[in-house]
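Q: Let me see the structure of the following:
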Amino acid sequence: MRITAVLGGAGGIGSAIVETLLKEGDYVFLLDREQARERATTLLQRNPERCVYVACDLAQPESISAAFARIETHGAGLDACINAAGVIRRGRFLDVTPDELGEMLTINVNGAYLALQAAARLMIEGGGGRIVNVTSAHGLRTTADRTSYAMCKGAVLALSRALAVELGPQGVLVNAVAPGPVSAGMQDAESESGGRGAARGPPARPRPPPPPPRLSVEWPAPTRWPEPLPFLPRLRTPSSAGTRWWWMAAPMSPCSTA
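A: All right, here's what the predicted structure looks like:
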């Protein structure tokens, strides 16, 4: 039986990942803040023998250390860690306060770094494992009023690449998934992004390319760059996204890293 830890496991995406892992037979440590325990009640009651809630506040280094010490006392090591924790604070770049910026960096970057550090130590002791970071499309291509969030998610993407290089030789494979809007937690159907997607309606069908020009001489056909795919203004559900992170943390992906 694989042992997996899920950071932010009580959130929308995190709980969907936990549910997928449990269906696949994993023993899951669900790590989240103590205040979020109630949201995980259903998962815990359905799986009392294979799902354990461990209080972990990424804003508190001592809480992170205590959480992974609890996992270590289980005595079965750690095979995978999926980081689905994070917070978002929207605001114009010129209006973000030092406290707001500090909160974002403390939880999304510093906390993630320390938690993955603790997880990697357990994995290396056991001969290897898998780390998967849930990042965001904002870390690659963002919109207005997301400066601090985009910076944090970009940092986690960079961390994922660096860890893949450093930990790969020690048997720990590291990957990241950068989803677009997901209808859960920070990005639900009532959110700004959800409203924009609903207002747009279904995506327009891509236009077919024009016919090639008729040439009197048999010259090679001119190169045509493919038209960009249309943006799909839809919110993914957590359940539809959960299997992707599970596969990257699974034993059947022995060569996927970075």
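
Q: Strands along this structure, start to end?
A: 3-7, 27-32, 51-55, 80-83, 129-134, 172-177 (DSSP state E).

Q: tell me, how many neighbours does the nearest residue to residue 180 once chain neighbours are set aside end up with?
A: Of all residues not flanking residue 180 in the chain, residue 137 sits nearest, at 4.7 Å (Cβ to Cβ, 6 or more residues apart in numbering). Where C-beta positions appear, they are placed from N, C-alpha and C, glycine not excepted. Neighbourhood size, residue 137 [other Cβ atoms under 10 Å]: 14.

Q: I figured residue 137 hits residue 176, correct?
A: No: here residue 137 does not reach residue 176: they are 11.5 Å apart, not a contact under Cβ atoms under 8 Å.

Q: Look at residue 138 and say how many residues are nearby.
A: Using other Cβ under 10 Å: residue 138 sits among 20 other residues.

Q: Report the rounded mean pLDDT for the helix ranked longest in the chain.
A: Longest helix of the chain, by residue count under DSSP state H: helix 147-167. Averaged over helix 147-167, pLDDT sits at 93.

Q: Out of the strands of the chain, which one sits most buried?
A: Scoring the strands of the chain by mean neighbour count under mean count of other Cβ atoms under 10 Å gives strand 80-83 as the most buried, with a mean of 29.

Q: what comes into contact with it?
A: 2-8, 14, 17, 26, 112, 115-116, 119-120, 123, 129-134, 156, 245, 249-250 (Cβ atoms under 8 Å, 6 or more residues apart in numbering).

Q: my guess is residue 116 contacts residue 160, does it?
A: No: assessed by Cβ under 8 Å, residue 116 is found out of contact with residue 160, at 9.2 Å.

Q: got any residues that touch both of these two?
A: Joint contacts of residue 116 and residue 160 (Cβ under 8 Å, 6+ apart) are 131, 133.

Q: circling back: what angle sits between the longest helix of the chain and strand 129-134?
A: On the basis of axes from the mean of the first three to the mean of the last three Cα atoms, to 10 degrees, helix 147-167 is oriented at 160 degrees to strand 129-134.

Q: Can I get helix 147-167 in CSV, CA atoms only?
A: Extracted as CSV, the C-alpha positions of helix 147-167 are listed here (Å, rounded to 0.1, in the frame of the first residue of the first chain):
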residue,chain,number,x,y,z
THR,A,147,0.6,39.9,-9.7
SER,A,148,1.4,38.4,-6.4
TYR,A,149,-0.4,35.1,-7.2
ALA,A,150,1.3,34.8,-10.6
MET,A,151,4.7,35.5,-9.0
CYS,A,152,4.1,32.8,-6.4
LYS,A,153,2.9,30.2,-8.9
GLY,A,154,5.8,31.0,-11.2
ALA,A,155,8.1,30.4,-8.3
VAL,A,156,6.6,27.0,-7.6
LEU,A,157,7.0,26.1,-11.3
ALA,A,158,10.7,27.1,-11.1
LEU,A,159,11.1,25.1,-7.8
SER,A,160,9.6,22.1,-9.5
ARG,A,161,12.1,22.2,-12.3
ALA,A,162,15.0,22.7,-9.9
LEU,A,163,13.9,19.9,-7.6
ALA,A,164,13.5,17.5,-10.6
VAL,A,165,17.2,18.1,-11.4
GLU,A,166,18.4,17.8,-7.8
LEU,A,167,16.3,15.0,-6.5
